[in-house]
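Asker: Sharing a model that was predicted from the sequence below.
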Amino acid sequence: MQITRHDNGNSLTLVVEGVIDSTTAPVFEAELVEACQKSKNVIVDFEKVDFISSAGLRALLISQKKMMTTSGKMTLVHVKDDVREVFELTGFISVLNIA
Amino acid sequence: MTLAENKILAEFRVRKETIVRIETSVLEKINELVKNCGIMVYAINHRIKEEGSLRKKLERKGDKYASLSDITDILGFRIVCFFADDVDKIAQQVVDTFNVDWSNSIDKRKILDSTSFGYLALHYICSIKDGEGIPADFKNFRFEIQMCSLLQHAWAVMEHDLGYKTKFGVPNAVLRDFSRLAGLLEIADEHFSRIRDTVASYTEQVHQKIVEDNAGDVRIDSVSLNEYMRYNKSMRAFLQSIADYGNLDFFDASADVFLEQLSWLKKKTIGDLQQMLSDNIDLARRMAQKELSESGFDIFASTISLRYLCQAELLRQEYSEKQAAEFFYLSSKNKEKAARYAQTLFEKWGK
């Protein structure tokens, strides 16, 4: 998994590429948490994410909660159908902002 | 510039590095005090006066100041609260955390009479309290903390942008508009607080009814649905049974996305929802347990209970596959996908 960060001034975009599983989730979580500390408007580009495991979901949940306590916003963009179905199946669709 | 004014500027340059450190230290304390009072704030802004701005101030009223320490807004903070009545709660925490120089602090909200200009904030001139670990050069340095509502902040930003700080600079033609606007913002602040209090009071009433299992006649809305999801014993037991089956974790999530779907299913009251749970619990539990165990995920949001209850209701009430597709379209906003979900539901569970 690779993560590229783009600081756009008013927002911070993380472009994620690859698989978010138990091996890569700690790095994913660390990047998300850092991004949420740096910006109140974090965009996570999932266009090149083919799979997310429970560990990845937990990382998203932690970051989303962090953003909510600071009145910030985390938005997932370009989510593929397979990954969206995971969010629907697990109910994460109720928690995440998906554009 | 006089000699004294130049001396103040020189002192500012020498102390700038210390002021930056004080800014960091005070900001930490402000963040902490805001967290302690449990109030959500819109923003905590802070700035050190720029040298150019200080120079202009000295040119305007330099005879008032003998040294840098006489200028109390070299370092400034603004805590912007969402609600006007949160300002006093934050102010109390500021009093507890810092030394407040009362002789130089102003509650501009109180000094405004009906003919005054503006919609203004509370300004405290503060310094860091003595204590262990406080560097000597931090002591007695005064800084300004402004506390205001979001709408007072809006006024301040607009006022700054328009360049009018007193009514004397404002053309008569717009003075009346400014006065009307100040009144409007004050009324809006009061109404926002009232709306917040009404919601809090309604939530408390609904919470009581749900805890006492006496909410049958309560209409389904965002408050009642979420209180039901969190505190109704049957719903919690249902969720726990799904979690226990696969040794899964679940967390509470907002059920707002299901409001439209429940309305489509003609569920109007908490009583209707309770009935839907009771009618469909066995099938919904089997569906949830099977799908979650097959997926391999070990965490889910509380809202999946509604997902499976709604699907079981579609089957029990013998909605057609076409109607089910309409139902799924509410959440997917994609006709193809909605049709596929409906087809899968009927294939897997229809018989």
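Answerer: That came in fine, so what should we check first? Keep in mind that what you see is a predicted model, and the values were worked out from it rather than measured.
Asker: Tell me who's in contact with A:Thr4.
Answerer: Taking CB atoms under 8 Å, 6 or more residues apart in numbering or on different chains, we find A:Thr4 in contact with A:Leu14, A:Val15, A:Glu17. Yep, even glycine has a C-beta here, placed from its N, CA and C like the rest.
Asker: B:Ala301 now?
Answerer: Contact analysis of B:Ala301 by CB under 8 Å, 6+ apart lists A:Thr90, A:Gly91, A:Phe92, A:Ser94, A:Val95, B:Phe250, B:Phe251, B:Asp252, B:Ala253.
Asker: Just the buried subset of those, written out for ChimeraX, thanks.
Answerer: ChimeraX command restricting those to the buried ones, with burial defined by 16 or more other CB atoms under 10 Å in any protein chain shown:
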select /A:90,91,92,94,95 /B:250,253
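Asker: Could you export the contacts of B:Ala301 as a markdown table, including secondary structure and pLDDT?
Answerer: As requested, the contacts of B:Ala301 are exported to a markdown table (DSSP: H, G, I helix; E, B strand; the rest coil; pLDDT from 0 to 100):
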| residue | secondary structure | pLDDT |
| --- | --- | --- |
| A:Thr90 | helix | 94 |
| A:Gly91 | coil | 93 |
| A:Phe92 | helix | 94 |
| A:Ser94 | helix | 89 |
| A:Val95 | coil | 91 |
| B:Phe250 | strand | 94 |
| B:Phe251 | strand | 94 |
| B:Asp252 | coil | 95 |
| B:Ala253 | coil | 94 |
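Asker: how about the contacts of B:Ala301, which pair is most distant?
Answerer: Greatest spatial distance among these (CB to CB): A:Thr90 and B:Asp252, at 13.8 Å.
Asker: ok so, going back, in strands, which of the contacts of A:Thr4 fall?
Answerer: A:Leu14, A:Val15, A:Glu17 (DSSP state E).
Asker: re earlier: which among the contacts of B:Ala301 gets closest to B:Leu150?
Answerer: Distances from B:Leu150 to those, taken by CB to CB, are shortest for A:Val95, at 26.0 Å.
Asker: so what's the residue lying closest to that closest one once chain neighbours are set aside up against?
Answerer: Spatial nearest neighbour of A:Val95, excluding adjacent residues (CB to CB, 6 or more residues apart in numbering or on different chains): B:Ala253 at 4.7 Å. Contact partners of B:Ala253, counting by CB under 8 Å, 6+ apart, are A:Gly91, A:Phe92, A:Ser94, A:Val95, B:Ala301, B:Ser302, B:Thr303.
Asker: ok, the third one - contacts?
Answerer: Contacts for A:Ser94 were tallied using CB under 8 Å, 6+ apart; they are B:Ala253, B:Ser254, B:Ala255, B:Asp256, B:Val257, B:Ala301, B:Thr303.
Asker: Of those, keep whichever come out buried.
Answerer: Counted by 16+ other CB under 10 Å, those give B:Ala253, B:Ala255, B:Val257, B:Ala301, B:Thr303 as buried.
Asker: Now the two most distant members of the contacts of B:Ala253.
Answerer: A:Phe92 and B:Ser302 (11.4 Å).
Asker: The residue nearest in space to the middle of chain B and chain A, how far apart?
Answerer: When CA atoms, centre = their mean is applied to chain B, the residue found nearest the centroid is B:Met40 (4.8 Å). Counting by CB to the nearest CB, to the nearest Å, the separation of B:Met40 from chain A is 6 Å.
Asker: pLDDT value on that residue, please?
Answerer: If you check B:Met40, the pLDDT there is 89.
Asker: Now do the strands in the stretch 251-351 of chain B.
Answerer: B:299-301 (DSSP state E, counting those that start in this stretch).
Asker: OK, now which residue of it is nearest to chain A?
Answerer: B:Ala301 (3.0 Å; CB to the nearest CB).
Asker: With adjacent residues omitted, what lies nearest to that residue?
Answerer: Nearest in space to B:Ala301, with sequence neighbours left out and distances taken as CB to CB, 6+ apart, is A:Gly91 at 3.0 Å.
Asker: returning to that earlier point: for B:Trp264, see how far away the residue nearest to A:Val95 is.
Answerer: With distances taken as CB to CB, to the nearest Å, B:Ala253 is found 20 Å from B:Trp264.
Asker: Which residues does stretch A:28-43 contact?
Answerer: By CB under 8 Å, 6+ apart, stretch A:28-43 touches A:1, A:3, A:5, A:7, A:10-14, A:16, A:20, A:44, A:56, A:58-60, A:62-63, A:66-67, A:70-77.
Asker: pLDDT of it, averaged?
Answerer: Rounded mean pLDDT across stretch A:28-43 is 90.
Asker: how about low-confidence regions in chain B?
Answerer: Residue ranges of chain B with pLDDT under 70: B:62, B:107-119, B:132-133, B:163-168.
Asker: Now the two most distant members of the contacts of A:Ser94.
Answerer: Greatest spatial distance in the contacts of A:Ser94: B:Asp256 and B:Ala301, 12.2 Å, computed using CB to CB.
Asker: Enumerate the residues of chain A near chain B.
Answerer: A:53-54, A:57-58, A:61, A:71, A:81, A:86, A:88-95 (CB under 8 Å from any CB of the partner chain).
Asker: quick one, helices of the stretch 251-351 of chain B?
Answerer: Using DSSP state H, counting those that start in this stretch, the helices of the stretch 251-351 of chain B run over B:259-264, B:270-295, B:304-316, B:321-332, B:335-349.
Asker: Any chance of TSV for those, columns mean neighbour count?
Answerer: Shown next, in TSV, are the helices of the stretch 251-351 of chain B (neighbours: other CB atoms under 10 Å in any protein chain shown):
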stretch	mean neighbour count
helix B:259-264	15
helix B:270-295	18
helix B:304-316	23
helix B:321-332	18
helix B:335-349	16
